[in-house]
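Generate coordinates for the sequence data below:
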Amino acid sequence: MEFEELGIGEECGVFGCVAAGDWPTQLDIPHVITLGLVALQHRGQESAGIVTTNGTQSPTFAVHKGMGLVNNVFRDEHLVKLRTGNLGIGHTRYSTTGFSELQNCQPFVVDTLHGKIAVAHNGELVNAKKLRRKVMRHGVGLSTGSDSEVITQMLAFTPPLEEDDSPDWVARIQNLMTETPTSYSLLIMHDDVIYAVRDPYGNRPLCIGRLVPVSRLYGSGNDVDSETEGWVVSSESCSFQSIGAKYYREVLPGEIVQISRQGIQSLAVVPRPGGVPPAFCIFEYVYFARPDSIFEGQMVYTVRKSCGRQLAIEAPVEADLVSTVPESATPAALGYAEKSGLPYVEVLCKNRYVGRTFIQPNTRLRQLGVAKKFGVLADNFAGKRIVLIDDSIVRGNTISPIIKILREAGAKEVHIRVASPPIRHPCYMGINIPTKEELIANKLEFNDLAGYIGANSVVYLSVNGLVSAVQNGIKDKQDKESVKETLDHHLVVNRKCSETFGHCTACLTGKYPVKLDW
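Next up, the predicted model:
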């Protein structure tokens, strides 16, 4: 909950769609992309953009971008302008680099010697400053503060060995990937294809879905030859169901996948230096992703529930009930209740219509604090001992007033259990986290955090506990798949992917997967 209050969030979400079969397509490409971006809205709320193209020999690009939420940016008149496209990519942004301005909205579109390209980027380059200097030494001016523009301009460079009349986009992408190790998931659109790219460490998520007739959406199997209407690629699989797509597979760390009307084709996999494991951001599981998304073969909701069970093992307490601050920590609270044998009871109800656009409060309303955001269900807990599960305590100034209103409403005791470890370090790979000095885990108050926030006790999930909750599900899936025989290619690819896995815990441990170049 505190992540939401502090405005801590992902940098952005990306989404792309290619119509299968004959072109011009009957598939409403911009509408599909818009719905996909709406499902990714939690990853960025500052701006949104869509670029479509007809994908012909002389392709034309249609672009619309704007500030604000997806549904406010794309009205009917804007979608009509984009509707001539047979393929397109979209982006929703939360800025970690560059100001929140229209010029920083993605996707970026640039002219190259071989036609226009459009690029959408999720992540943050760990060596962006160095790459910006390199681009400008080539005489290219940069009009934004976004490192995503740097990526776009680097892709426009002509490699030394490339023939003028035959662009090698795979070589260009591979060159980019050798220049910057992380963090990025990219969609690159040129002519009639989209290239889906994930950095060698797999730090940011990216997955592929298959558009099917609604009648086949809930059927079993994944037969790519049966009535495929198109292909979609997204930061999260949660966007697939609302557009009539079935999850197909993840883009592997370091993989370059070509998506066209003929289907998908894996073109290359760029290895990590030294054979080190991947470094998928573990906080995608903890908070950032929607609970119905699938990463590494497991649903985020299931992992969060496992975190709650692990927390119950590590931090038991004598109490009467388990509850949560609505609503991101609810799966963890259910897992804690299940493992501890305590009942899960709601103690707060959330006012869903209070957000950042709430009328600026006067002094009296400001003093009421969380009272305008939460209603107290006092009859459920008066005179009882509460275990309150939260997904995070970052600065410590959000949970304290919640504890206060619970006590004033009759709670006998309030024990806080946090379903993630304390954040001690900033993130330099696409997550907007406060400075090290602002984090409560680095302050003197952390030594008596319970007293500081007014709780009877406070315990965080350990780093090892979080890692085991995440990785045990992957290992279980590996064990089940190892006894299955299949000739289906995408399952084989996913099995190869799962043979090696690893997660970035830098914000918890200070151990970054790569050297930072700032």
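
Please pull out the lowest mean pLDDT helix or strand from the protein.
Every helix and strand of the chain was ranked by mean pLDDT, DSSP states H and E. The lowest is helix 489-498, at a mean of 46.

Quickly run through the sheet partners of the next helix-or-strand element following it, with directions.
Toward the C-terminus, helix 489-498 is succeeded by strand 503-504 as the next helix or strand (DSSP states H and E). Next to strand 503-504 in the sheet, as set by DSSP bridges, lie strand 280-281 (parallel).

May I ask you to name the longest helix in the chain?
For the chain, the longest helix by residue count, based on DSSP state H, is helix 463-482.

buried sites along that helix?
Using 16 or more other Cβ atoms under 10 Å as the test for burial, helix 463-482 gives 465-467, 469-471, 473-474, 477. For glycine as for every other residue, the C-beta is placed from the backbone atoms N, C-alpha and C.

Using TSV, lay out these together with pLDDT and distance to residue 428.
Below are the buried residues of helix 463-482 laid out as TSV (pLDDT from 0 to 100; distance: Cβ to Cβ, whole Å):
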residue	pLDDT	distance to residue 428
465	98	25
466	98	20
467	97	20
469	97	25
470	97	21
471	96	24
473	89	27
474	92	25
477	79	30
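
Out of the residues you listed, which comes closest to residue 24?
residue 477 (41.0 Å; Cβ to Cβ).

separation between the closest residue in space to that closest one that isn't next to it in sequence and residue 474?
Of all residues not flanking residue 477 in the chain, residue 297 sits nearest, at 4.5 Å (Cβ to Cβ, 6 or more residues apart in numbering). In this view, residue 297 and residue 474 are 7 Å apart by Cβ to Cβ, to the nearest Å.

same deal with residue 408?
Distance of residue 408 to residue 474, computed by Cβ to Cβ: 44 Å.

before we move on, what about residue 460?
Distance, residue 460 to residue 474, by Cβ to Cβ: 23 Å.

before we move on, what about residue 113?
Separation of residue 113 from residue 474 (Cβ to Cβ): 43 Å.

The residue most central in space within the chain - nearest residue in space that isn't next to it in sequence?
Nearest to the geometric centre of the chain sits residue 289, at 5.0 Å (Cα atoms, centre = their mean). Of all residues not flanking residue 289 in the chain, residue 300 sits nearest, at 4.8 Å (Cβ to Cβ, 6+ apart).

Neighbours of that neighbour, how many?
By other Cβ atoms under 10 Å, 24 other residues sit near residue 300.

For it, give me its contacts.
284-285, 289-294 (Cβ atoms under 8 Å, 6 or more residues apart in numbering).

Which pLDDT does the model give it?
Here, the pLDDT recorded for residue 300 equals 97.

cool, and the one 10 residues further on?
What the model reports for residue 310 is a pLDDT of 98.

where's it relative to residue 340, distance?
12 Å.

Between the two, which is the more surrounded one?
In terms of neighbours (other Cβ under 10 Å), residue 310 is the more surrounded of residue 310 and residue 340; the figures are 25 against 21.

Can you tell me the SS state at the more buried one?
Following DSSP: H, G, I helix; E, B strand; the rest coil, we place residue 310 in the helix state.

Any stretches of this structure with poor pLDDT?
The chain contains residues with pLDDT under 70 at 1-11, 95-100, 164-165, 220-226, 354-371, 482-499, 518.

what do you get if the cut-off is 80, keeping everything else the same?
1-11, 95-101, 158-166, 218-226, 352-372, 397, 432-434, 477, 479-500, 517-518 (pLDDT under 80).

With adjacent residues omitted, what lies nearest to residue 449?
residue 458 (4.7 Å).

buried ones in the helix or strand hosting the one you found?
Using DSSP H and E, residue 458 falls within strand 457-460. Going by neighbour count (16+ other Cβ under 10 Å), the buried part of strand 457-460 is 458-460.

One more: stretch 135-146?
Buried, per 16+ other Cβ under 10 Å, within stretch 135-146: 135, 140, 144, 146.

same thing with stretch 332-351?
332-337, 339-340, 342, 344-345, 347-348.

still on that earlier bit, narrow the buried residues of stretch 135-146 to those in strands?
If you go by DSSP state E, those have nothing in strands.

Distance of the residue lying farthest from the centre of the chain relative to residue 410?
Centroid-distance maximum for the chain: residue 383 at 40.2 Å, with Cα atoms, centre = their mean. Remark: distance between residue 383 and residue 410 (Cβ to Cβ) = 6 Å.

buried set for stretch 247-256?
By neighbour count on 16+ other Cβ under 10 Å, the buried set for stretch 247-256 is 247-256.

quick check, nearest of those residues to residue 426?
Nearest member of the buried residues of stretch 247-256 to residue 426, counting by Cβ to Cβ, is residue 253, at 23.1 Å.

pretty sure that closest one is in a strand, no?
No: applying three-state DSSP, one finds residue 253 to be coil, outside a strand.

list the contacts for residue 107?
49-51, 63, 89-91, 118-120, 187, 189 are the contacts of residue 107 under Cβ under 8 Å, 6+ apart.

correction: residue 138
By Cβ under 8 Å, 6+ apart, the contact set of residue 138 is residue 157.

go on, residue 21?
So residue 21 contacts 229, 261 (Cβ under 8 Å, 6+ apart).

Give me the phi and psi for it.
phi 80, psi -150 (degrees, to the nearest 10).

And for residue 217?
Torsion angles, degrees, to the nearest 10, at residue 217: phi -60, psi -40.

Run a quick neighbour tally on it.
Residues near residue 217, counting by other Cβ under 10 Å: 14.

hmm, back to that, distance of the residue nearest to residue 449 relative to residue 413?
12 Å.

Over to residue 29?
For residue 29, the distance to residue 413 equals 56 Å [Cβ to Cβ].

helix, strand or coil for residue 121?
Per three-state DSSP, residue 121 ends up strand.

Burial check on it, number of neighbours?
Residue 121 has 30 nearby residues by other Cβ under 10 Å.

For residue 295, list each beta-bridge partner.
residue 298.

Go ahead and confirm it touches residue 286.
No: the criterion here is Cβ atoms under 8 Å, and residue 295 misses it with residue 286 at 11.7 Å.

Which one's more surrounded, these two?
With neighbours defined as other Cβ under 10 Å, residue 295 and residue 286 compare such that residue 286 has more, 28 against 22.

Tell me which residues touch the closest residue to the more buried one other than its chain neighbours, please.
Nearest-residue entry for residue 286: residue 420, 4.6 Å, with adjacent residues in sequence omitted and distances by Cβ to Cβ, 6+ apart. For residue 420, the contact set (Cβ under 8 Å, 6+ apart) comprises 283, 286-287, 307, 391-392, 460-461, 466.
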